[in-house]
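Peer 1: Compute the structure for the input listed below.
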Amino acid sequence: MMDMPTPDRTSLEAIVLAAGELLESDGLAGLTMNSVAQRVGVRPPSLYKRIEDRDGLIRLVAEATLSELAARLQSQTTVEALARTFRSFAHERPAAFQLVMTPGPGTPVAAPTFGAAAAQPILRAAAGLVGESDALVAARTLTAWAAGFISMELNGGFQLGGDVDEAWEFGLSRIVAAIRAPRAAPAATRATG
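Peer 2: Numbering: from 1, shown residues only. This is a model prediction of the structure:
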């Protein structure tokens with residue numbers, strides 16, 4: 001009979017890492033307490049000494065994903081570099097990317113502080129483009145475009161041929177140029193001018 005490690009020898013970090021690996025290999029449906037316990041070499045009841053339930057486990061994976069993404073984005077200084085790092089991360093960890101960017105209804109999500117930490121480098125770069133007052137709207141615009149493009153890419157949504165990398169670079173250059181451009185005056189101001 002194989003000796004199973006005691007819960008004290010199985011760290012929360014090892015459990016979350018194993019859960020992240022299972023998420024990538026088996027999808028969210030395959031991320032179960034039993035599969036994680038088997039992966040880390042403990043009996044399933046032992047996990048409950050560290051994690052409340054499966055929802056708590058998914059939340060921890062989402063938080064670890066956002067922490068890793070934040071760390072990768074932190075060293076980037078331009079909007080273009082941030083977007084490319086964001087895309088690279090998504091290609092390396094597609095299931096985790098989708099978990100944090102497009103969670104389905106009822107899917108547990110990370111605490112807001114984790115998303116805020118991942119957003120800081122994007123907000124900083126956006127402020128460099130448009131100033132502090134428009135940084136949030138600029139960051140949201142860029143993130144929405146990038147997440148949408150990447151989600152379509154990961155899900156096989158580009159079926160018309162052509163070079164997807166070229167489309168990414170085209171879109172990135174255009175979205176950055178549009179964000180950088182001065183805001184037009186509201187329609188009412190132009191009319192009364």
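Peer 1: which residue sits closest to residue 72, ignoring its sequence neighbours?
Peer 2: residue 85 (5.4 Å; C-beta to C-beta, 6 or more residues apart in numbering). No exception for glycine: its C-beta is placed from N, CA and C like everyone else's.
Peer 1: Buried ones in whichever strand or helix holds the one you found, by neighbour count?
Peer 2: In this structure, residue 85 is located in helix 79-92 according to DSSP states H and E. By 16 or more other C-beta atoms under 10 Å, the buried positions in helix 79-92 come out as 79, 82-87, 89-90.
Peer 1: ok, now stretch 98-106?
Peer 2: Buried residues in stretch 98-106, counted by 16+ other C-beta under 10 Å: 98-101.
Peer 1: Quick one: end-to-end distance for it.
Peer 2: Chord length of stretch 98-106, first to last residue, is 14 Å (C-alpha to C-alpha, to the nearest Å).
Peer 1: Name the surrounding residues that touch that stretch.
Peer 2: The list of residues contacting stretch 98-106 from outside it, by C-beta atoms under 8 Å, 6 or more residues apart in numbering, reads 23, 28, 58, 61-62, 65-66, 69, 90, 107, 109-110, 115, 147, 150-151, 154.
Peer 1: now the helices for the protein?
Peer 2: Here the chain has its helices, by DSSP state H, at 12-26, 33-40, 44-47, 54-74, 79-92, 94-101, 112-130, 135-154, 164-180, 187-192.
Peer 1: Deepest-packed of those helices, please.
Peer 2: Highest mean neighbour count among the helices of the chain (mean count of other C-beta atoms under 10 Å): helix 94-101, with a mean of 21.
Peer 1: And the average pLDDT for it is what?
Peer 2: Taken as a whole, helix 94-101 has a mean pLDDT of 95.
Peer 1: Could you list the single helix or strand in the protein with the lowest mean pLDDT?
Peer 2: Using mean pLDDT, DSSP states H and E, helix 187-192 stands out as the lowest-scoring helix or strand of the chain, at a mean of 60.
Peer 1: contacting residues for residue 54?
Peer 2: Counting by C-beta under 8 Å, 6+ apart, residue 54 has contacts 31-33.
Peer 1: Skip the chain neighbours and tell me the closest residue to residue 164.
Peer 2: Distance criterion C-beta to C-beta, 6+ apart; nearest residue to residue 164, sequence neighbours excluded, is residue 158 at 5.4 Å.
Peer 1: Save the buried residues of stretch 98-106 as CSV, and put in distance to residue 54 too.
Peer 2: What follows is those, written out as CSV (distance: C-beta to C-beta, whole Å):
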residue, distance to residue 54
98, 18
99, 13
100, 17
101, 21
